[in-house]
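**Q** Take this sequence and fold it.
(chains A and B)
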Amino acid sequence: MNENMKKNKSITSRDVDFAKWYTDIVKNAKLASYSNVKGFTVFEPNGYALWENIQSVTDKKFKELGHQNVMMPLLIPESLLLKESEHIEGFAPEVAWVTTGGNKQLEEKLCIRPTSEVLFCDYYKDVVKSYRDLPKLYNQWCSVVRWEKETRPFLRTREFLWQEGHTVHETKEEAMKETDQMLEVYRQVFEDYLAMPVISGKKTESEKFAGAEYTLSIESMMYNGVSLQSATSHYFGQKFTKPFDVKFVNRNNEFEYAYQTSWGISTRSIGGMIMCHSDDNGLVIPPRIAPRKVVIIPIGKSSKVSAIANDLKEKLNKSNIETFIDDSDKSIGFKFAEHEMNGIPFRIELGERDLLNNTIIIARRDNYTKKAVSLDIDIVKYIINEIDVMHNDMFNVAKKRMEEKTYICHNLDEMKEVMENHPGFIKAMWCGNEACEKTIKDIRGTKSRCILENEEKVDTKCVCCGHDAKDLVIWGIQY
RNA sequence: CGGGAAAUAGCACAAUUUGGUAGUGCACUAGCUUUGGGAGCUAGGGGUUGCAGGUUCAAAUCCUGUUUUCCCGACCA
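**A** Below is the predicted model of the structure:
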């Protein structure tokens, strides 16, 4: 009998096989399961609750900044999609089509939205008439479909949940400001709620969104040093509004095409959160985003113990700290392991032995520390404070790792050495030539993540061709 | 899209080589005893072996196709 059978739940170590570890976590923590159609997954309650929390903190920020939610159609007529050529070229290979309705062949095939720029533009053309109608700050929460070849739960699925904000503005400056502002919102969501440090910057021409003037992104680093594009914010200028005829009468009584942005964050962020924080005992959820924050485990059958447990639970729940009691007949060890697998941030252990000392034990999921805490303290205040402490600790662990795995390179050999032996972010200068990006891609698929605009340059020559360098770029192996 | 591996109960696997009534552990249900790091005993329930064909008296097992998953590579937001 091996260790696995005895333990029943087993996950591969993240240091041994990171990819398998990841899918083990998703499966064992009951976040998602596979369906019969490739790339389409079931979000189980534990996984969906995470998305709901990410959604609620993000949505609140959008609304504070004046955005409104709408719903656009699921289907896009082919002719509409074809209006912007760069856009369709970028998305055509991964679009799914509806060709029949009932048992009738459709006259025009309809694509299942891979993103909704064209739908928003088609709508905006009818409702934007004057500069007085601007800006339009709309967003929608929905799922989109992209026919990916290789799929992995949360990280790359053919259908995924996301949010896509689409705004149109009177001026270029205002639209560009919106693009920056929304990237900053995403940075806050990742750093302040998901405890994931990020870097941000502009995408290179070859990496930008199909049809955009430019794309900004935030990039985060996983436990194994691989990078993940975590959210994007695009500035379109008039590239869509011209072909879609979204024009308005400006303050000089002239027609002008509106300036447009779009920005999105998806359920991929859940995958990033897992790969950034979780460990060999299961999921570790940043406490501010955890759907269930505290589990109370009464030990023994004492009625006094269960009364105190109930009291604690009620106090915490009243203060919106989601708490539940596990008084099932499972053994203590089983419960500990189970809730660790599910990533519950705090565990309160409570038995007769503790009552003798008038204490309870509070254990942290992220670093396994256990503390005896007096029953006389204000438990709500204590947990609220601990949530912040844990959040900061998790953020700092991730940040330290990101800093340790960020390398400065001056030539291809140095890049190879890093990516082949201990991948991470590479800071290196780039001449701006796509050919060099292609050459660098031969190193385990290393791609430019983003251009760092406000940082000191690390060299004067391109890391690849040795010609004069233009930009400081962060490079990484991507998920 | 190329190369490789796999699919048997909720999970992990056995039985496949050599065709012959589909099994084990955990999980699940009931009862009793337990409880400070994955409990014990007793009694139960759960399978058209991914799907579709074919060969055969007989298919989890052999053959063909297909779908899904995982790994490696190419492609791609």
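
**Q** Residue ranges in the stretch 351-479 of chain A under the pLDDT threshold?
**A** Scanning the stretch 351-479 of chain A for pLDDT under 70 picks out no residues.

**Q** How about the residues of it by RNA strand B?
**A** Within the stretch 351-479 of chain A, the positions adjacent to RNA strand B are A:351-354, A:361, A:363, A:368, A:370, A:441-442, A:444-445, A:447, A:478 by CB under 7 Å from any atom of the strand. C-beta here means a position set from N, CA and C on the backbone, and glycine is covered the same way.

**Q** how about the helix or strand hosting A:Gln105, does it get close to RNA strand B?
**A** For A:Gln105, the host element (DSSP states H and E) is strand A:104-112. No - applying CB under 7 Å from any atom of the strand, one finds strand A:104-112 separated from RNA strand B by no less than 13.7 Å.

**Q** Flag every buried residue along the very next helix or strand once past that strand.
**A** Counting by DSSP H and E, the next helix or strand C-terminal to strand A:104-112 is helix A:117-127. Neighbour-count burial for helix A:117-127, counted by 16 or more other CB atoms under 10 Å, picks out A:Glu117, A:Val118, A:Leu119, A:Phe120, A:Cys121, A:Asp122, A:Tyr123, A:Tyr124, A:Lys125.

**Q** any idea which of those is closest to RNA strand B?
**A** A:Glu117 (11.6 Å; CB to the nearest atom of the strand).

**Q** So for that closest one, what pLDDT did the model give?
**A** For A:Glu117, the pLDDT comes out at 93.

**Q** Include secondary structure when you put the residues of the stretch 351-479 of chain A next to RNA strand B into TSV, please.
**A** Below are those laid out as TSV (DSSP: H, G, I helix; E, B strand; the rest coil):
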residue	secondary structure
A:Gly351	strand
A:Glu352	helix
A:Arg353	helix
A:Asp354	helix
A:Ile361	strand
A:Ala363	strand
A:Tyr368	coil
A:Lys370	strand
A:Lys441	helix
A:Asp442	coil
A:Arg444	coil
A:Gly445	coil
A:Lys447	strand
A:Gln478	strand
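
**Q** Select only the buried ones of these in PyMOL?
**A** To isolate the buried members of those in PyMOL, using 16+ other CB under 10 Å:
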select buried, chain A and resi 351+354+361+363+447
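
**Q** Which two of the residues of the stretch 351-479 of chain A next to RNA strand B have the greatest separation?
**A** A:Glu352 and A:Asp442 (64.6 Å; CB to CB).

**Q** Check whether A:Ile274 really touches A:Thr23, as I assumed.
**A** No - contact criterion CB atoms under 8 Å: A:Ile274 and A:Thr23 do not qualify, at 10.2 Å.

**Q** out of those two, which sits in the busier spot?
**A** Using other CB atoms under 10 Å, the more surrounded residue of A:Ile274 and A:Thr23 is A:Ile274, with 27 against 16.

**Q** Chain neighbours aside, what residue packs nearest to the more buried one?
**A** With CB to CB, 6 or more residues apart in numbering as the criterion, A:Ile274 has its nearest non-adjacent residue at 5.7 Å, and that residue is A:Ile25.

**Q** Would you mind measuring from the one you found to A:Arg158?
**A** Going from A:Ile25 to A:Arg158 by CB to CB, to the nearest Å gives 21 Å.

**Q** Between these two, point out the one with more neighbours.
**A** Between A:Ile25 and A:Arg158, counted using other CB under 10 Å, A:Ile25 has the larger neighbour count: 26 against 19.

**Q** How is that one assigned, secondary-structure-wise?
**A** A:Ile25 falls in the helix class when you classify it by three-state DSSP.

**Q** Pretty sure it sits against A:Ile11.
**A** Yes - with contact defined as CB under 8 Å, A:Ile25 counts as touching A:Ile11 (6.2 Å).

**Q** Overlap in contacts, the two.
**A** Shared contacts of A:Ile25 and A:Ile11, defined by CB atoms under 8 Å, 6 or more residues apart in numbering, are found at A:Gly282.

**Q** where does chain A dip in pLDDT?
**A** For chain A, the stretches flagged by pLDDT under 70 are A:1-10.

**Q** the longest helix in it is where?
**A** When chain A is parsed with DSSP state H, its longest helix is helix A:379-404.

**Q** any idea which element the residue lying farthest from the centre of chain A lies in?
**A** Centroid-distance maximum for chain A: A:Leu356 at 45.5 Å, with CA atoms, centre = their mean. Using DSSP H and E, the element containing A:Leu356 is helix A:352-357.

**Q** elements contacting that helix?
**A** If contacts are counted by 3 or more CB pairs under 8 Å, 6 or more residues apart in numbering; DSSP states H and E, helix A:352-357 sits against helix A:303-318.

**Q** Stretch A:235-249: which residues count as buried?
**A** Residues A:Tyr235, A:Phe236, A:Gly237, A:Gln238, A:Lys239, A:Phe240, A:Thr241, A:Pro243, A:Phe244, A:Val246, A:Lys247, A:Phe248 are the ones in stretch A:235-249 that count as buried (16+ other CB under 10 Å).

**Q** would you turn these into TSV with secondary structure?
**A** Formatted as TSV, the buried residues of stretch A:235-249 follow (three-state DSSP):
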residue	secondary structure
A:Tyr235	strand
A:Phe236	strand
A:Gly237	strand
A:Gln238	coil
A:Lys239	coil
A:Phe240	coil
A:Thr241	coil
A:Pro243	coil
A:Phe244	coil
A:Val246	coil
A:Lys247	strand
A:Phe248	strand
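
**Q** pretty sure A:Ile297 contacts A:Asp326?
**A** Yes - counting by CB under 8 Å, A:Ile297 touches A:Asp326, with 5.3 Å between them.

**Q** Mind jotting down where the helices sit in the stretch 51-200 of chain A?
**A** Counting by DSSP state H, counting those that start in this stretch, the stretch 51-200 of chain A has helices at residues A:78-81, A:85-91, A:117-127, A:172-188.

**Q** Format those helices as TSV; extra columns: distance to RNA strand B.
**A** Below are the helices of the stretch 51-200 of chain A laid out as TSV (distance: least, CB to the nearest atom of the strand, whole Å):
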stretch	distance to RNA strand B
helix A:78-81	14
helix A:85-91	4
helix A:117-127	12
helix A:172-188	13
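
**Q** now A:Val295: how far from A:Val98?
**A** 45 Å.
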